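> Got a predicted model here, sequence first, then my questions.
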Amino acid sequence: MANTERRLALTIKGGVSLGTYEAGTITELLSLIKYNNQQPGAIPWYIDCVAGASAGSITAAMLARALINTGAVGPNGTMSDVVLQEIWVERLALDALVVGAPNISILSSDAVRQIGNDYFAAWPAIAAPHPAFRSASGVGLVFTLSALDVEPTAAQAANGALLYNEYAKTAHFDLSINNANAVTYSGNGTALYTYNTPGNRAVSGKAAYDALTWAAISSGAFPLAFAPHALARYESLLWKKRWFSDGGIYDNDPVGQMINLAHDRDWSQSGLDDGDRRFLVILTEPQAAPDVWPPGGADSATDLLNINPLDMLAKLLPGFMDETGNSGLRGITQVNQSILKRAQTISYLVSVLNTTASSFDFAALRNLVQPIVERVAERENVSHDLLALFRTSFIDDLRGLPDNLQARAIALGSRPNVKEAFVEMGLLVDLAAGLADKVLFRPIVIGPAKALAGDPLEAFSGFFLQKLRQHDFDQGVADAYAAMKAVADPDFALDPNAPVPPDDVVLSAAEQDEYDNAEKLFNDRVGVVADTMAQELAGQLPGANLPIFGKITRETIGEIVKHLAEMFLGRAER
């Protein structure tokens, strides 16, 4: 039955230094949920599903730690529910991230590993859960990963097999608390690269906790900035060492992963109602502006567009890189369109049944369709218990659809067996279309109204100055509050103490010098990587050791490295 709780699923996308903004939104969200859950008679809200990509995976791991151990003490004496601010604002600075960096990457993975060791090396075995933790089910996590070495996948062809490589991967973990208040960790098919338990893809206990930590860090291994990371993956009944890079390359906005995770968890537990499910998506950029194109001066007098090739590349390359960020959002539109098309069919079915003569044998119709539904459900691996849940919740799931569909469906119950026949026929449509138990996806969205302080230099410059990170963190706090206020959910008791949005950042002369020095440090690191690439190239191309060639090569590769770093670390410049 609905209105007993609210289960919240989050999407935390990649954003480089703009992860500081996401950390602010999550910190405020935890605070708001705590306030709501402590109000007498309030409907409790819980965070039970989190999907992360790139830097968002690291933040998701921090959030999970805060949810299960809000009483744990961090290295500097802070409580873990504010660990997000401590790590993102105070620890993730450029001067720390470059220490020990090799010549083949801009930054050092050792700095991130050190932060991981400081905060996550201790295995929290006893829970001190945050009020946002749902003890009945725990929390599920999914991180996106980009595989660098994969086994080809075979698609059946008429004369053999069509082979292709699938580089987009995910790592799944679950955290729960047992009756003894002990934290239990479990994973499925992902572990540290040294793990080896043949014949069993399940990982539990300390092994799962360590896998969770390093899978999150692997997801945040930005190309060119950090070296790839190794994990063990269970494939073909064996654990194999595989290499992974930034999960945002192939899926930087894992809304689809969040929906699937929430749906699977809701299916696996009896008595859960879709009306209790909420989704939240955190954006790090303002909503897309109109795409005005072509640029001025292009000759489009005919059916051909004569345009500077550089303008064409400037148009195509950012769009190519944006595909990873828009794919999840596009999925929302596609699923919602499918549900609305299905609603048209269901609406027509209601109309037909409502106008069918009362003398019609609706019981016979129900009995005819029911075994077909059960056979289709069996082929779709839907259990009898889950199918029974679908039957009881089918009409409830029609709420919010056009044509007053739910009320019209309820009215069918005024005649014997009509509503029951309708449910069976509707379930047959849903199972056949793969839409069983799916409802319109209308998430709560938190995002900035304008570019954040850490946005310049393709969202990397936030690492240059703590003042920028603090601003974006505070902006995330204010935007999270404003979003929950705008949603105006009557089931959520909003804390009346609204945070004050930060003022625009104004740098002092000393702060500007600090920023400039950090930018120079970043460019120097790009130059080191460019030199390494140029030297490698000079060793492979005849005549590449000529002075003029070396200078051209270094400058060219330097620009390429910087541009690729900017694209992978944020967005291509527009």
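Good, I have the coordinates. As the structure is a computational prediction, the values presented were derived from the model and not from experiment. Residues are numbered from 1 along each chain as shown.
> quick one, strands of the stretch 301-450 of the chain?
444-446 (DSSP state E, counting those that start in this stretch).
> quick one: low-confidence parts of it?
Applying pLDDT under 70 to the stretch 301-450 of the chain flags residues 313-314, 317-331.
> cool, the stretch 1-150 of the chain as well?
Using pLDDT under 70, the stretch 1-150 of the chain drops low at 1-3, 70-81, 122-124.
> ranges for the strands of it?
Using DSSP E, counting those that start in this stretch, the strands of the stretch 1-150 of the chain run over 6-12, 45-52, 139-147.
> So which of those strands is the most surrounded?
Highest mean neighbour count among the strands of the stretch 1-150 of the chain (mean count of other Cβ atoms under 10 Å): strand 45-52, with a mean of 28. Quick note: C-beta positions are derived from backbone N, CA and C, even for glycine.
> Name the strands paired with that strand and say parallel or antiparallel.
Counting by DSSP bridges, the strands paired with strand 45-52 are strand 6-12 (parallel), strand 139-147 (parallel).
> of all the ones you listed, which lies closest to residue 455?
Closest approach to residue 455 among the strands paired with strand 45-52 (Cβ to Cβ): strand 6-12, 17.6 Å.
> follow-up on the earlier one: and the strands paired with strand 45-52 as a markdown table, adding distance to residue 161?
Output for the strands paired with strand 45-52, formatted as a markdown table (distance: least, Cβ to Cβ, whole Å):
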| stretch | distance to residue 161 |
| --- | --- |
| strand 6-12 | 35 |
| strand 139-147 | 20 |
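> Among these, which comes closest to residue 480?
strand 6-12 (11.3 Å).
> How far away from the center of its chain is the closest one?
Centroid separation between strand 6-12 and its chain, computed with Cα atoms, centre = their mean, to the nearest Å, is 10 Å.
> just stretch 435-453 next, same as before
11 Å.
> ok, residue 439 - how many residues close by?
Using other Cβ atoms under 10 Å, the number of residues around residue 439 comes to 19.
> Offset the numbering so it begins at 2, please.
Understood, numbering begins at 2; the last thing we discussed is residue 440.
> from what I can see it touches residue 406, true?
No. Under the criterion of Cβ atoms under 8 Å, residue 440 makes no contact with residue 406, lying 12.0 Å away.
> related to what we said a few turns ago, right, and the strands of the stretch 2-151 of the chain - which one's nearest residue 223?
Nearest of these to residue 223, taken as Cβ to Cβ: strand 140-148 at 10.5 Å.
> centre of the chain versus the next helix or strand after that closest one, how much separation?
Going down the chain from strand 140-148, the next helix or strand is strand 154-158, by DSSP states H and E. When C-alpha coordinates are averaged (Cα atoms, centre = their mean), strand 154-158 and its chain have centres 29 Å apart.
> again with stretch 227-235
19 Å.
> can I have it written out in CSV, keeping just the CAs?
The C-alpha coordinates for stretch 227-235 follow below in CSV (Å, rounded to 0.1, in the frame of the first residue of the first chain):
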residue,chain,number,x,y,z
PHE,A,227,45.0,9.2,-14.3
ALA,A,228,46.4,5.8,-15.3
PRO,A,229,43.9,3.0,-15.9
HIS,A,230,43.1,0.7,-12.9
ALA,A,231,42.9,-3.1,-12.7
LEU,A,232,39.9,-5.0,-11.3
ALA,A,233,39.0,-8.7,-11.4
ARG,A,234,35.9,-9.5,-13.4
TYR,A,235,34.1,-12.8,-13.4
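> who touches that stretch?
Under the criterion Cβ atoms under 8 Å, 6 or more residues apart in numbering, residues 103, 105-106, 108-110, 113, 146, 149, 170, 172, 190-197, 202, 212, 215-216, 218-219, 221-222, 240-246 lie in contact with stretch 227-235.
> Spell out for me the ChimeraX command that would select the buried members of the residues you listed.
This is how ChimeraX selects the buried members of the contacts of stretch 227-235, with burial counted by 16 or more other Cβ atoms under 10 Å:
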select :106,108,109,110,113,146,170,172,190,191,192,193,194,196,202,212,215,216,218,219,221,222,240,243,244,245,246
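> what number of residues lie near residue 537?
Counted with other Cβ under 10 Å, the neighbours of residue 537 add up to 13.
> In three-state terms, label it for me.
Local secondary structure at residue 537 is given as helix here, using DSSP: H, G, I helix; E, B strand; the rest coil.
> To which secondary structure element is residue 235 assigned?
If you go by DSSP H and E, residue 235 is part of strand 230-236.
> actually residue 208, sorry about that
Element membership of residue 208, judged by DSSP H and E, is helix 206-220.
> how far off strand 230-236 does that helix point, in degrees?
Using axes from the mean of the first three to the mean of the last three Cα atoms, to 10 degrees, one finds that helix 206-220 and strand 230-236 are set 120 degrees apart in direction.
> Contacts for helix 206-220 next, please.
So helix 206-220 is contacted by 53-55, 58-59, 61-62, 65, 110, 113-114, 117, 121, 124, 142, 144-146, 172, 174, 185-188, 191-193, 196, 204, 229-230, 232, 245-249 (Cβ under 8 Å, 6+ apart).
> And for stretch 482-491?
Under the contact criterion Cβ under 8 Å, 6+ apart, stretch 482-491 has outside partners 29-30, 33, 445-447, 493, 495-496, 499-500.
> buried residues in it?
Within stretch 482-491, the residues scored as buried using 16+ other Cβ under 10 Å are 482-485, 490.
> just checking, which of those belong to helices?
Using DSSP state H, the members of these that fall in helices are 482-485.
> Out of the strands of the stretch 2-151 of the chain, which gets nearest to residue 304?
Closest among those, once you apply Cβ to Cβ, is strand 140-148, at 39.5 Å.
> Tabulate the CA atom coordinates of the closest one in PDB.
Coordinates of each C-alpha in strand 140-148 appear next as PDB, following Å, rounded to 0.1, in the frame of the first residue of the first chain:
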ATOM      1  CA  VAL A 140      21.300   0.500  -0.400                       C
ATOM      2  CA  GLY A 141      22.300  -0.700  -3.900                       C
ATOM      3  CA  LEU A 142      25.100   0.900  -5.900                       C
ATOM      4  CA  VAL A 143      26.000   0.700  -9.500                       C
ATOM      5  CA  PHE A 144      29.200   2.300 -11.000                       C
ATOM      6  CA  THR A 145      29.800   2.800 -14.700                       C
ATOM      7  CA  LEU A 146      33.200   1.600 -16.000                       C
ATOM      8  CA  SER A 147      34.900   1.800 -19.400                       C
ATOM      9  CA  ALA A 148      36.700  -1.400 -20.200                       C
END
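> For residue 152, see how far away residue 166 is.
Separation of residue 166 from residue 152 (Cβ to Cβ, to the nearest Å) stands at 8 Å.
> And these two? Which one has more around it.
For the pair residue 166 and residue 152, the greater number of neighbours falls to residue 152 (14 against 10), based on other Cβ under 10 Å.
> Hmm, residue 236 and the more buried one touching each other?
Yes. Using Cβ under 8 Å, residue 152 is in contact with residue 236, at 6.6 Å.
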